[in-house]
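A.B. asks: Fold the stuff below for me.
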Amino acid sequence: MGVFPTGGVTAFAGSRLVARGDLATVAGAAHENREQSPLIFDDATGRTVELDLRGSAEEIRARLPMPAGPPKPARGRPKLGVTAREVTLLPRHWEWLSSQPGGASAALRRLVDQARRETVDADARRQAQEATYRVMTTLAGDLPGYEEATRALFAYDRKRFDQLTANWPGDIGDYVRELNAGADGASG
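C.D. replies: Alright, predicted model coming up:
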């Protein structure tokens, strides 16, 4: 079944939005519209969510994954979530890293944390743009102005994007414009 979203999802039957909300709620609405082969999108990523719509709505909900609870305490040393991987650097990089307080690993962690803080807006903007593109490709790939709307999306031309998607079926246009607003909102 793949990865399940932890946030909101949206279901479309054709060009009509049939449900929005948590996965259990949307699964029930998708079941009611199963003759139309509904598509369910993870609002955060724009990826489609595959559900087995066979059986009753209760059976579908019962097959959904349960949220993971707190981990059981284990004996021995606690897991710190550290993963050892190979990093290839030039000798001058290793020299600099080894001279840093705490050694190479601590210095790399500080550098990564700093880069994450500095790029949070750009990362959110890119993720919203990618989610919009995934949904557009699936729902609107054959609609008039799709190619131009895609160009406007990647040029961060919100006004042009809105103009080009205004004539799309209402629910599709509204949804992609909402997703695209996340790309704008993250840019400040």
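
A.B. asks: which residues touch the helix or strand hosting Arg125?
C.D. replies: Using DSSP states H and E, Arg125 sits in helix 120-140. The contact list for helix 120-140 (CB atoms under 8 Å, 6 or more residues apart in numbering) reads 12, 15, 39, 41-48, 116, 146, 149-150, 153-154, 156, 165, 168, 172, 175-176, 179-188. Placement of C-beta: from N, CA and C, glycine included.

A.B. asks: In stretch 143-155, which of the residues would be classed as buried?
C.D. replies: Of the residues in stretch 143-155, Leu143, Gly145, Tyr146, Ala149, Thr150, Ala152, Leu153 count as buried by neighbour count, 16 or more other CB atoms under 10 Å.

A.B. asks: quick revisit: just the contacts of helix 120-140: which are in strands?
C.D. replies: Members of these lying in strands (criterion: DSSP state E): Phe12, Leu39, Phe41, Asp42.

A.B. asks: just the buried members of those residues?
C.D. replies: For the ones in strands among the contacts of helix 120-140, buried by 16+ other CB under 10 Å: Phe12, Leu39, Phe41, Asp42.

A.B. asks: Just confirm the second one contacts Phe12, I think it does.
C.D. replies: If I follow you right, that is Leu39. Yes. Between Leu39 and Phe12 there is a contact under CB atoms under 8 Å: 5.0 Å.

A.B. asks: can you list the buried ones among the ones in strands among the contacts of helix 120-140 in TSV and add distance to Ala122?
C.D. replies: Formatted as TSV, these follow (distance: CB to CB, whole Å):
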residue	distance to Ala122
Phe12	29
Leu39	29
Phe41	23
Asp42	21
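
A.B. asks: Spatially central residue in this structure, please.
C.D. replies: Taking CA atoms, centre = their mean, the centroid of the chain lies closest to Thr45, which sits 1.7 Å from it.

A.B. asks: Which residue is the nearest non-sequential neighbour of that one?
C.D. replies: Ala131 (5.4 Å; CB to CB, 6 or more residues apart in numbering).

A.B. asks: again, but for Arg47
C.D. replies: Arg134 (6.1 Å).
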